[in-house]
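K.L.:
Sequence and predicted model, in that order:
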Amino acid sequence: MNYLSCDLRALALMRMAIAAILMTDLTIRMQDLEAFYSNTGAVPLTMVFEHLWNDYFVSLHAISGLWQVQLLLFLLAYFCAAMLFIGYRTRLFTVLSWFMLLSLHNRNTLILQGGDDLLRMVLFWAMFIPWGARYSCDRLLHPRKQPFLLPPAILTVATIAYLLQICYIYSGSALLKGPEWNTHYTALYYAYSLDQIAYPITRWFYYYPELLKKMTVLAYYFELLVPLLFFIPVRHGFFRTLGVCSIIGFHTFNSLNLFIGLFPLIGCGTVLGLLPSSAMDKLDLWLKRLKPLVVQSFAGIATGLQTLIRWRTPVYYQAPWREKLKTACLIFLTLFVFDWNFSNISSVTSKLSDRLRVIGYGLRLDQNWGMFAPGVFKDDGWYVLEGITETGASVNLLSPGNPVSYQKPASVVSMFRNDRWRKYSENFIMSYNEYVRGYFCNYYRRIWNETHPEQKIAGLRIYYMSELTKPDYHYSRPEKVMLWQCGI
């Protein structure tokens, strides 16, 4: 079973990658601190508790709607991620980073996507993995303590759970896909037709239907079969490296073609823990010249933190009964998550009981990898925000200075400030999320009046120019739909 083990250096590399992604995510989210996390924004707590809240959710971010409190929580999460990156009190800051991420996700589920679930899930399993045993301040400060004396590669219940989690994302996603992916092979045609996520570079492929079909076949079977590379016992180092590099290449290609936020970066970072020892040996050799400088820097940081904080030396020994209890819990959770993913398949009639689902929602182990599944979303379009002044004049809020126009903009994807706003706008048009529209309308009208005192508006109309994607490049006339109006 050695071929299923995880190299401690690879896990440490993944730790640093995930910590860097956490800090990047927080930096992006902080730009919309008021809009998405405060009571004066578009997603106040009253709306969250009435429409989005699950009774089993836990969220520190839900204790207050003040943006100042949210800022403090963001800074705390940023500090935890920074400590995780350098590997200082790694286990403690892994737990804190996971809890802060869970809390942040529960605060506003309208802007979450698959990458967020992946990041949260891998961070959960990492709490039980010694990914601070290498490349960390802890190792420099306590080189003779456990777990720093562990062998180079380990095989535990937690590493198996992590490996299976990576498999769920790809094979699980493929199993949820429908005929557009595995019969008609039109999925990428529809995906590249979505102006809200398709970059201009997709036009290089878009007008070649046969090429798109071949790319769809390749994408589908890649997702379905790539996890098998991690279970081949013969030449497992080669096949593992091939699997990791293939997944990184897959996400890199998607990041160049589709506006899907941090998902590609998260996909690349979370698979690094599966790099085999042979690949890490080569990486160590390549980084040999930098290693003394990095070690010296980490040692200085570690010593400074130890002096500043003056925490006692961590005790890694656990009583045998505690270790057995932890193992039993991990085995149960591993089987629980497997069953959760298995029950997502439409052909499976046996589902998890509601009583057990409290575990999934409480720990946020709930997951569904139906990205672009069973089919690709086809209700494409763009927004028009028409402000009405007190004199009755119209103002184009998305393009100030220009008259209100319902023509398709040159680039729909560039209308979104970041992927969080794109995901929010995607949820905005859903009929079951109609309650969201009034909150956004009042928020945006207030923000506009505060930033444009010379051109205040009394009311706001929100239009969606719905452009249904038809098969075989057939033209669809955009339909003007007024989603909401306020102040009028």
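P.N.:
Cool, the structure landed.

K.L.:
going forward, measure contacts and count neighbours with C-alpha atoms only.
P.N.:
Fine.

K.L.:
residues touching Phe259, list them.
P.N.:
Contacts here follow C-alpha atoms under 8 Å, 6 or more residues apart in numbering; on that basis Phe259 touches Gln196, Ile197, Ala198, Tyr199, Val413, Asp419.

K.L.:
mind redoing it with 10 Å?
P.N.:
For Phe259, the contacting residues are Asp195, Gln196, Ile197, Ala198, Tyr199, Val413, Ser414, Phe416, Asn418, Asp419, Arg422, by C-alpha atoms under 10 Å, 6 or more residues apart in numbering.

K.L.:
are any of the residues you listed buried, and which?
P.N.:
Burial by neighbour count, judged by 16 or more other C-alpha atoms under 10 Å, picks out Asp195, Gln196, Ile197, Ala198, Tyr199, Val413, Phe416, Asn418, Asp419, Arg422 from the contacts of Phe259.

K.L.:
Return the subset of those residues lying in helices.
P.N.:
When DSSP state H is applied, the buried ones among the contacts of Phe259 are split such that Asp419, Arg422 fall in helices.

K.L.:
List the buried residues for stretch 401-419?
P.N.:
Buried positions in stretch 401-419, judged by neighbour count with 16+ other C-alpha under 10 Å: Val404, Tyr406, Val412, Val413, Met415, Phe416, Asn418, Asp419.

K.L.:
wait, isn't the fourth one in contact with Tyr192?
P.N.:
No. Under the criterion of C-alpha atoms under 10 Å, Val413 lies out of contact with Tyr192, with a separation of 11.9 Å.

K.L.:
ok so, going back, turn the buried ones among the contacts of Phe259 into TSV, including distance to Phe238 and pLDDT.
P.N.:
As requested, those are exported to TSV (distance: C-alpha to C-alpha, whole Å; pLDDT from 0 to 100):
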residue	distance to Phe238	pLDDT
Asp195	39	92
Gln196	39	93
Ile197	35	94
Ala198	34	93
Tyr199	34	93
Val413	39	92
Phe416	41	93
Asn418	38	94
Asp419	35	95
Arg422	39	95
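
K.L.:
which one of the buried ones among the contacts of Phe259 is nearest Ser431?
P.N.:
Proximity to Ser431 was ranked across those by C-alpha to C-alpha; first place goes to Arg422, at 16.9 Å.

K.L.:
Make sure the closest one is actually in contact with Phe416.
P.N.:
Yes. In this structure, Arg422 is within contact of Phe416 by C-alpha under 10 Å, at 5.8 Å.

K.L.:
shared neighbours of the two, which are they?
P.N.:
Residues within reach of Arg422 and of Phe416 at once, by C-alpha under 10 Å, 6+ apart, are Gln196, Ile197, Phe259.

K.L.:
for the first one, what are its contacts?
P.N.:
Just to be clear, that refers to Gln196. Under the criterion of C-alpha under 10 Å, 6+ apart, the contact list for Gln196 reads 258-260, 380-382, 411-416, 422-423, 425-426.

K.L.:
quick one: it from Thr109, how far?
P.N.:
Here the criterion is C-alpha to C-alpha, to the nearest Å. By it, Gln196 lies 20 Å from Thr109.

K.L.:
Repeat that for Ser136.
P.N.:
The separation that Ser136 has from Thr109, given C-alpha to C-alpha, amounts to 33 Å.
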